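S.K.: I'd like to go over a predicted model; first the sequence, then the structure.
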Amino acid sequence: MKPCSESCDENRGPILSVIQPLLKDCSCVLEIGSGTGQHAVYFAEKLPHLVWHTSDCAEYHAGITLWLAEAGLDNTRAPVDLDVSTSKWPEPGFDAVFSANTAHIMHWSDVEAMFAGVGSVLSSGGRFLLYGPFNYNNQFSSESNARFDNWLKSRDPESGIRNFEDLDRLARQAGMQLKCDYEMPVNNRILYWEKS
């Protein structure tokens, strides 16, 4: 049976409305942390000019593959085995990298590795689009995000909602400049960096 994430179904429409214009002149996207595979098939169907490359740790590949097989789209690619800290990253040449709800479940060393890896695979002018909840100046943007952070840390003390300022510093170290910070429903954001 295919894995299913309710939050994917809820957030895919709002995410698409932001990323569609940003990806209109792109042709090759790498998704980090494809999870169930739901985002991949939805965005690939809505953005047929793109080739959508899925990736995640090996344990998620079976579920992603089920979603891709059922959708039968020509513009999706089988999942690459990508643990951001330990795997060999794909060859450079991506116009964009997309990742949703990953930074807060990773350990900080993995977040650092993700940003360095994104900087290495993006072409010049390439875009990094990161969706999720973020803190600003070490402050939660809502009570619900504070509760979510407590829940995350109860499962894994090294996880948690990340500070925008820390992420932006990692992006600059990887050769990327912030272009926009989009407000999204349910206290989420999309951060958009571009490789200079």
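M.R.: All right, it came through fine. No experiment lies behind these values; they were computed from the predicted model shown.
S.K.: Please make it C-alpha for all contacts and neighbour counts, starting now.
M.R.: Will do.
S.K.: Which stretches in the protein count as helices?
M.R.: For the chain, the helices defined by DSSP state H cover 6-22, 38-46, 61-71, 108-121, 143-155, 164-173.
S.K.: which strands and helices sit next to the last one?
M.R.: Translated: helix 164-173. helix 108-121, strand 176-184 (3 or more CA pairs under 8 Å, 6 or more residues apart in numbering; DSSP states H and E).
S.K.: Let me see the residues that make contact with stretch 164-173.
M.R.: 112, 115-116, 119, 134-137, 177-178, 193 (CA atoms under 8 Å, 6 or more residues apart in numbering).
S.K.: Filter the residues you listed down to just the buried residues.
M.R.: 112, 115-116, 119, 134-135, 177-178, 193 (16 or more other CA atoms under 10 Å).
S.K.: Could you dump the helices and strands packed on helix 164-173 into JSON lines and include distance to residue 53 and mean pLDDT?
M.R.: Formatted as JSON lines, those follow (distance: least, CA to CA, whole Å; pLDDT from 0 to 100):
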{"stretch": "helix 108-121", "distance to residue 53": "12", "mean pLDDT": "98"}
{"stretch": "strand 176-184", "distance to residue 53": "21", "mean pLDDT": "98"}
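S.K.: Of the ones you listed, flag the one that's most buried.
M.R.: Among those, ranked by average contacts under mean count of other CA atoms under 10 Å, first place goes to helix 108-121 (a mean of 20).
S.K.: tilt between that one and strand 176-184?
M.R.: 110 degrees (axes from the mean of the first three to the mean of the last three CA atoms, to 10 degrees).
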